[in-house]
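**Q** Predicted coordinates and the sequence they were generated for:
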Amino acid sequence: MVRRGRHSGPHRRAGRGEGRVRIIGGRWRGRRLHFSAPEGLRPTPDRVRETLFNWLQPWLPGARCLDLFAGSGVLALEALSRGAERVVAVEREARLAAELRERARLLDAEGLQVVCMEAAAFLDGPATPFDILFLDPPYGHGWLPRLMPRLEEGGWLAPLAHLYLEAESPIDPQGLPEGWELIRSGRAGQVAYHLVRREERRL
């Protein structure tokens, strides 16, 4: 996965020019993706993505997914490669969004919808419930505490949704919205990553 907008810490630095990532599993396994690498873009290590998708595999086939900070789009494409039915990838940078559309065309990834928009503005629109959500926002801006309640209250989550949260430090389970359960966590260098499950609510 590649994300933009991180400006502190040596693990978040990326040079200008071109970056590369690869799809790890599924029908496009081994495909390498080239993308623009403006300053602030960084790839999450392959082993983190491999761990994440091993966690998610029971729920991926036929899933509807949302990637709110798409960057290179490798998370979105990895999900489709492994059996997701549909992925909406939100990316504010027009160049990255255009590159992702072109990669989807080359891979014939019909289930991918790319939206060039700020994440917060996207959540102001009509809500569609998703089964799996990827939240890997820019570090140091307090995105996760602001976004999580909006997702819960705005109708963006399916009854048993799973959410991938990535941050510069471990999250406090006590800070999660009511009904969200932290079920997996990992650490790779200075990157903390988590899998959260939303419990089905009974009226």
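**A** Good, I have the coordinates.

**Q** For the rest of this, base every contact and every neighbour count on C-alpha atoms.
**A** Fine.

**Q** longest strand anywhere in this structure?
**A** When the chain is scanned for its longest strand (criterion: DSSP state E), the result is strand 157-167.

**Q** That strand pairs with which strands?
**A** strand 130-135 (parallel), strand 191-198 (antiparallel) (DSSP bridges).

**Q** Single out the most deeply packed of the ones you listed.
**A** Highest mean neighbour count of the strands paired with strand 157-167: strand 130-135, a mean of 23 (counted as mean count of other C-alpha atoms under 10 Å).

**Q** if we can go back for a sec, mean confidence score for the longest strand of the chain?
**A** Strand 157-167 comes out with an average pLDDT of 95.

**Q** List of residues touching it?
**A** Residues outside strand 157-167 that contact it (C-alpha atoms under 8 Å, 6 or more residues apart in numbering): 52, 128-137, 139, 144, 151, 191-201.

**Q** List the buried residues for the helix or strand following it?
**A** Next helix or strand after strand 157-167 toward the C-terminus (DSSP states H and E): strand 180-188. Within strand 180-188, the residues scored as buried using 16 or more other C-alpha atoms under 10 Å are 180-182, 185.

**Q** Give me the residue ranges of this protein where confidence is low.
**A** 1-17, 37-44, 201-203 (pLDDT under 70).

**Q** And the helices in it?
**A** 46-56, 74-81, 94-107, 119-122, 143-153 (DSSP state H).

**Q** Mind putting those into TSV with mean neighbour count and distance to P170?
**A** As requested, these are exported to TSV (neighbours: other C-alpha atoms under 10 Å; distance: least, C-alpha to C-alpha, whole Å):
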stretch	mean neighbour count	distance to P170
helix 46-56	15	15
helix 74-81	25	21
helix 94-107	17	28
helix 119-122	15	22
helix 143-153	15	12
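
**Q** can you tell which of those helices is closest to R64?
**A** helix 74-81 (9.6 Å; C-alpha to C-alpha).

**Q** Identify all contacting residues around the closest one.
**A** The contact list for helix 74-81 (C-alpha under 8 Å, 6+ apart) reads 1-2, 21-29, 33, 49, 53, 60, 65-67, 70, 86-89, 104, 109, 111-112, 134.

**Q** That one versus strand 130-135: what angle between them?
**A** If you take axes from the mean of the first three to the mean of the last three C-alpha atoms, to 10 degrees, helix 74-81 sits at 150 degrees to strand 130-135.

**Q** Now for E166, how many residues are close by?
**A** Around E166 there are 24 other residues, counting by other C-alpha atoms under 10 Å.

**Q** What of V115?
**A** Neighbours around V115, by other C-alpha under 10 Å: 19.

**Q** In contact with the closest residue to it other than its chain neighbours, which residues?
**A** The shortest distance from V115 to any non-neighbouring residue, by C-alpha to C-alpha, 6 or more residues apart in numbering, is to V90 (4.8 Å). When contacts are counted by C-alpha under 8 Å, 6+ apart, V90 touches 66-70, 114-119, 122.
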